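Asks: Fold the following.
(one chain, ligands or ions: 1)
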Amino acid sequence: MRKSPALPVIASRRGKGLTALRRHSRAKGKDALRRHSRGRGGNVCIFLLTVLGLGPTGFLGVATASLGVVTTVAPLTDMVRQVGGDALHVHGLVPEGVNSHTFQPAPGDVQYLAQADLVVLNGLDLEVPIEKLIHSSGRRGVTVLKLGDKTIRQDEWVFDFSFPKAQGHPNPHLWLNVAYAMHYVSLIRDQASALDRGNEAVYHRHATDYLAQLAHLDHCIAGAMSTLAPSQRKLLTYHDSWPYFARRYGMTIVGAIQPANFAEPAPREVARLIDQLRREQVPAVFGSEVFPSKVLQKIATEAGVRYVTTLRDDVLPGHPGEADHSYLGMMRHNVTTMLEALGGTPATFTACLQTPPTR
Ligand SMILES: [Zn+2]
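Replies: Residues are numbered from 1 along each chain as shown. Predicted structure coming up:
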């Protein structure tokens, strides 16, 4: 942990400068900090901090007593922010709407890894190119926390259509199972506390509040899914991200459409899926926010089932600063979408979420 020198005379000015930068980076989204640190914007920023007597001593020029944390996909970034609050400077590397499975870090991302105290990854081979970059360019002694690897054992890994065992990379989408997400949050709390003992109470307080919200969400999802008849509890999705969700909430994965190379499926595969949809009498197929697919539309039309365009596994709904632009908001959105399409009762789910949990 890097402590700023104690300079009480400029402390209040420093606070204002930092608060403004934080506000700016939140208001403009994750790219704002990146833009700040590049080119003229970055120079101006460093210049201002230097004028204020700060110097580029902290995470990307932000002098601070907290940790610099680099994360990858948006749901994990949100979890780290929920635990850290103002005590952590968090930068998510994978822009929303970008395929995280094939994401290659840009040369400019090196600067974040070179200064990070902690890198939080999903693991389970989701971020192999980023792991290589950490190895080659990360700060010496940087702590790398792979949440998925510390949440399930190897015998609990799921291999499936888009993540075949032959390729050796398990399905990495653990965070769509809220119980696993809660484990992620506990791991983030414990790692941040270990690296920054001065803020341990802060991380624990935030995590306790957040875990209570997640437990309530988990309870409401389980209740909502149990209202679906067994014949309706079927998911056929474009992107293959729901096996751990299905395992927790009693859903069956009928299939996924996206092949392991993330290309569109071959015509033979399309014909097979249409047959399967007719046979299984699945009421709807689900597209993905990140992978809009004309093929899925064709499959749904030919099989005579509803095509629901949006499930999200690593894109948060809404815009930065809005309540739904969060992991909690993403899961609320996903479950409501499934219930509407499969014949469940979204109103019951909404009512459950609005009922405060009993402690
Ligand atoms: Zn995914």
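
Asks: Residue 299 against residue 285, yeah?
Replies: Yes: with contact defined as CB atoms under 8 Å, residue 299 reaches residue 285; the gap is 6.6 Å. Every residue, glycine included, has its C-beta placed from N, CA and C.

Asks: For this protein, which residues are neighbours of the ion?
Replies: Selection of the chain residues close to the ion by CB under 5 Å from the ion yields 241, 313.

Asks: Taking the stretch 151-300 of the chain, what residue is nearest to the ion?
Replies: Ranked by CB to the ion, the top residue of the stretch 151-300 of the chain for proximity to the ion is residue 241, at 4.5 Å.

Asks: Unless I misread the structure, that residue falls within a strand.
Replies: No: per DSSP: H, G, I helix; E, B strand; the rest coil, residue 241 lies outside any strand segment and is coil.

Asks: While we're on it, how confident is the model there?
Replies: Looking at residue 241, its pLDDT stands at 92.

Asks: now residue 323
Replies: Reported pLDDT for residue 323: 86.

Asks: Residue 330 versus that one, what's the distance?
Replies: Distance of residue 323 to residue 330, given as CB to CB, to the nearest Å: 12 Å.

Asks: Between those two, which is the more surrounded one?
Replies: residue 330 (25 against 10; other CB atoms under 10 Å).

Asks: Which pLDDT value does the model give the more buried one?
Replies: 96.

Asks: does it sit in a helix or strand, and which one?
Replies: helix 327-342 (DSSP states H and E).

Asks: go on, residue 70?
Replies: Short version, using DSSP H and E: residue 70 is in strand 67-71.

Asks: just the strands in the stretch 251-359 of the chain please.
Replies: 252-256, 284-288, 306-311 (DSSP state E, counting those that start in this stretch).

Asks: Rebuild these as TSV, extending it with mean neighbour count.
Replies: Formatted as TSV, the strands of the stretch 251-359 of the chain follow (neighbours: other CB atoms under 10 Å):
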stretch	mean neighbour count
strand 252-256	19
strand 284-288	23
strand 306-311	18
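
Asks: Can you pull the residues that touch both of residue 299 and residue 285?
Replies: The contact sets of residue 299 and residue 285 overlap at 257, 277 (CB atoms under 8 Å, 6 or more residues apart in numbering).

Asks: what's the average pLDDT for the strand holding residue 70?
Replies: On average, strand 67-71 scores 96.

Asks: Next up, the contacts around residue 295.
Replies: 257, 264-265, 270.

Asks: any chance of the residues you listed in TSV, plus neighbour count?
Replies: As requested, those are arranged in TSV below (neighbours: other CB under 10 Å):
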residue	neighbour count
257	25
264	17
265	20
270	17
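
Asks: Pick out whichever of these sits closest to residue 81.
Replies: residue 257 (32.6 Å; CB to CB).

Asks: what about the closest residue to that closest one other than its chain neighbours, neighbour count?
Replies: Excluding its sequence neighbours, the residue lying closest to residue 257 (CB to CB, 6 or more residues apart in numbering) is residue 238, at 4.9 Å. Residue 238 has 25 neighbouring residues, counting by other CB under 10 Å.
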